[in-house]
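Chemist: The sequence and its predicted three-dimensional model are supplied below.
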Amino acid sequence: MSGPIIAGTDGSTGATAAVEWAADDAARAGLPLRVVNAVYPRPSDVPRSIVLEEDVITADARRVLAEAEATVRARRPFVEVSTALIEGPPPLVLRDQGQAAEEIVIGTRGLGGFAAAVLGSVSMHVAGHAHCPVVVVHPSAGPARDEITVGVDDSDACEPALAYAFHQAGLRGATLRAVHAWQLPVHAFAPEAAYAMDDIRAAQHVVVAERLAAWRQKYPGVDLVEDVRCAHPVDALVEASEGSDMLVVGSHGRGALSSLLLGSVSRGVLHHARCTVAVVRS
């Protein structure tokens, strides 16, 4: 792992929380940190004589970056930190920055450029298009719980999320809770249907054990908890997020629209999780 960690900022409280989270992660991983502020270029139809407002916006953006850099240096003085002021829409700027990055870190709320990161277009676009993990930092996270939650299913699409979650747990010395949620098939609710709940539960545990077997061998020092529940995946993951420092999910989304590039589970946990969320696309 050699790419930098990218943190998006606009000077808001949520963005500051993201910068602090990114600084801590850069320190744990021994990676450089680049703090990015995106500003829109001046429209071509605006007269050249109107330069004051543009200068003020640029000056304010540089001030925000300087404050973010100072925050990083005070919090993690040994982290290599740089800043970048880039013209362009924030979702596109962050997506492009992520092409050679280890991860992108953004806040849940902003003043404008990164506003409504969880519920708005920025996180949906970045998480749907970025080629690296996208971390959306929850600003009201409580004290560290030393636990990370990761969603597990029976598809290969969750493998990148497992890789990220195990790596994070290893760096932090945290417990990793692997949550697998399953639901009864529709025919199981028919009165004439005969099925054995114990057999179904046992089969789901086998799914999780097989999916995690290789990762247990690769990370023998990670304390792993297998959490298999009969519930909707979003409900199960959101409930588990209440006791976690971070929730890691993959994405099964497909399609040309950014909203479709995030699967329903990743969209749901971005909206409702009680902790920081990392979306890791395959």
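Modeler: Looks like it came in fine.
Chemist: Can you list the low-confidence ranges for the stretch 51-200 of the chain?
Modeler: Confidence mapping of the stretch 51-200 of the chain against pLDDT under 70 gives the ranges 51-54, 109-121, 141, 185-196.
Chemist: mind listing the helices in it by residue range?
Modeler: Along the stretch 51-200 of the chain, the segments classed as helices by DSSP state H, counting those that start in this stretch run 52-75, 90-97, 121-129, 159-172, 197-218.
Chemist: Of the ones you listed, which is nearest A29?
Modeler: Of all the helices of the stretch 51-200 of the chain, it is helix 159-172 that lies closest to A29, at 6.1 Å by C-beta to C-beta. (C-beta placed from N, C-alpha, C; glycine too.)
Chemist: Show me which positions of the closest one end up buried.
Modeler: Using 16 or more other C-beta atoms under 10 Å as the test for burial, helix 159-172 gives 159-170, 172.
Chemist: for stretch 23-30, same thing?
Modeler: Those buried within stretch 23-30 under the rule 16+ other C-beta under 10 Å are A23, D24, D25, A26, A27, A29.
Chemist: Show me the residues you listed that map onto strands.
Modeler: With DSSP state E as the criterion, strands contain none of these.
Chemist: Reformat these as CSV; add pLDDT.
Modeler: Output for the buried residues of stretch 23-30, formatted as CSV (pLDDT from 0 to 100):
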residue, pLDDT
A23, 98
D24, 97
D25, 97
A26, 98
A27, 97
A29, 96
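Chemist: Export those as a markdown table, with columns for distance to A209.
Modeler: Formatted as a markdown table, the buried residues of stretch 23-30 follow (distance: C-beta to C-beta, whole Å):
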| residue | distance to A209 |
| --- | --- |
| A23 | 37 |
| D24 | 32 |
| D25 | 30 |
| A26 | 34 |
| A27 | 34 |
| A29 | 29 |
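Chemist: Which of these fall in helices?
Modeler: Those of these mapping onto helices are A23, D24, D25, A26, A27, A29, per DSSP state H.
Chemist: Identify the structural domains in this protein and state their residue ranges.
Modeler: Here the domain parsing of the chain from automatic domain parsing is 5-137, 147-281.
Chemist: Pull up the gap between D60 and P233, please.
Modeler: Distance of D60 to P233, given as C-beta to C-beta, to the nearest Å: 42 Å.
Chemist: quick one, which of the two is more surrounded?
Modeler: Neighbour count, other C-beta atoms under 10 Å: between D60 and P233, P233 has more, with 23 against 14.
Chemist: list the contacts for the more buried one?
Modeler: G151, D153, A181, V265, G268 (C-beta atoms under 8 Å, 6 or more residues apart in numbering).
Chemist: repeat that for 7 Å
Modeler: G151, A181, V265 (C-beta atoms under 7 Å, 6 or more residues apart in numbering).
Chemist: got the residues you listed as JSON lines, with distance to H272 and neighbour count columns?
Modeler: Converted to JSON lines, the contacts of P233 look like this (distance: C-beta to C-beta, whole Å; neighbours: other C-beta atoms under 10 Å):
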{"residue": "G151", "distance to H272": "13", "neighbour count": "24"}
{"residue": "A181", "distance to H272": "14", "neighbour count": "22"}
{"residue": "V265", "distance to H272": "11", "neighbour count": "21"}
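Chemist: how about the strands in the stretch 151-282 of the chain?
Modeler: According to DSSP state E, counting those that start in this stretch, the stretch 151-282 of the chain carries its strands in the segments 175-182, 224-230, 246-251, 276-281.
Chemist: what's the last one in contact with?
Modeler: With C-beta under 7 Å, 6+ apart as the contact definition, strand 276-281 has outside contacts at 21, 127, 133-138, 141, 160-161, 164, 245-251, 266, 269-270.
Chemist: what mean pLDDT would you report for it?
Modeler: Confidence over strand 276-281 (mean pLDDT, whole number) is 92.
Chemist: For that strand, which residues meet the burial criterion?
Modeler: Those would be T276, V277, A278, V279, V280, R281, for strand 276-281 by 16+ other C-beta under 10 Å.
Chemist: Closest one of those residues to A209?
Modeler: Nearest member of those to A209, counting by C-beta to C-beta, is V280, at 21.5 Å.
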